[in-house]
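# This is a predicted model, with the sequence first.
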Amino acid sequence: MKRKIALFGGSFDPIHLGHTGVARAAAEYLKAESVIFIPAKCSPLKGCPPRASDDDRLRMIELATANDNVFAVSDCELRRPAPSYTLDTVHQFQAEYGPEVSVHWLLGADSVDDLVHWHCIGQLLDACILSVMFRGRYEAPAFEKYVPLWGPERVEKLRQNVVPTPEIDISSTEIRECLRRRADVSEMLAPEVESYIRQRGLYERD
């Protein structure tokens, strides 16, 4: 059986317990030797950049993942000129790890409908295993509507690689709003991340 790694990209603005919770569940489900968190410099699909700086987001991810030896962090997309595309990142890790390692890209089920807008999505579906994470209490995403766009083989590959994860109802948007109001976020963030945010006064202003 091939070794597996999972790449988990996103703004992580800030990283929260929902991110690490689903990543841990995905690692266990996939039997991946590592989940690599990859903060995006600026998503091509989002109209505005992250609120926190690249350095702050990277540091918060390092703090949030430091106590789990399955987690790793890469700043490869932060060092790359924007816009940064997932396909380029996948190719980079495939070159680094070699053909004996299977590369998965973790994606939340709520982002599936955005895939039609992703750069070279057909090539990405062929290049790696896109593992769509969905909450355990809900049905897996319906991919049938994408058959005319991507073909039956790619859609079947997506269907076979869904990953059930625990229901963790937390969002970075909610956390930023709580921090702006100086509300309690202790149940949503790792203590080290909350301390870092408070010390640096992140997200206190609109």
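On my side now, so go ahead. The model shown is predicted, which means the values in this text are computed figures rather than measured ones.
# just for this structure, where's the confidence low?
Residue ranges of the chain with pLDDT under 70: 43-47, 136-139, 206.
# That one: helices as residue ranges?
For the chain, the helices defined by DSSP state H cover 17-30, 54-65, 76-79, 86-97, 121-127, 147-150, 152-160, 172-180, 191-200.
# Among those, which comes closest to residue 135?
Taking C-beta to C-beta, helix 17-30 is the member of the helices of the chain nearest to residue 135, at 8.8 Å. For the C-beta atoms, the positions are set from N, CA and C on the backbone; glycine is no exception.
# which of the residues in the closest one are buried?
Across helix 17-30, burial judged by 16 or more other C-beta atoms under 10 Å covers 17, 18, 19, 20, 22, 23, 24, 25, 26, 27, 30.
# swap in stretch 68-86?
For stretch 68-86, by 16+ other C-beta under 10 Å, it's 71, 72, 73, 74, 75, 76, 77, 78, 84, 85, 86.
# How much space separates the fifth one from residue 169?
To tie it back to what came earlier, the one meant is residue 75. Applying C-beta to C-beta, to the nearest Å, the value for residue 75 to residue 169 is 29 Å.
# again, but for the third one
When distance is defined by C-beta to C-beta, residue 73 is 25 Å away from residue 169.
# same deal with the fourth one?
Taken as C-beta to C-beta, the spacing of residue 74 relative to residue 169 amounts to 28 Å.
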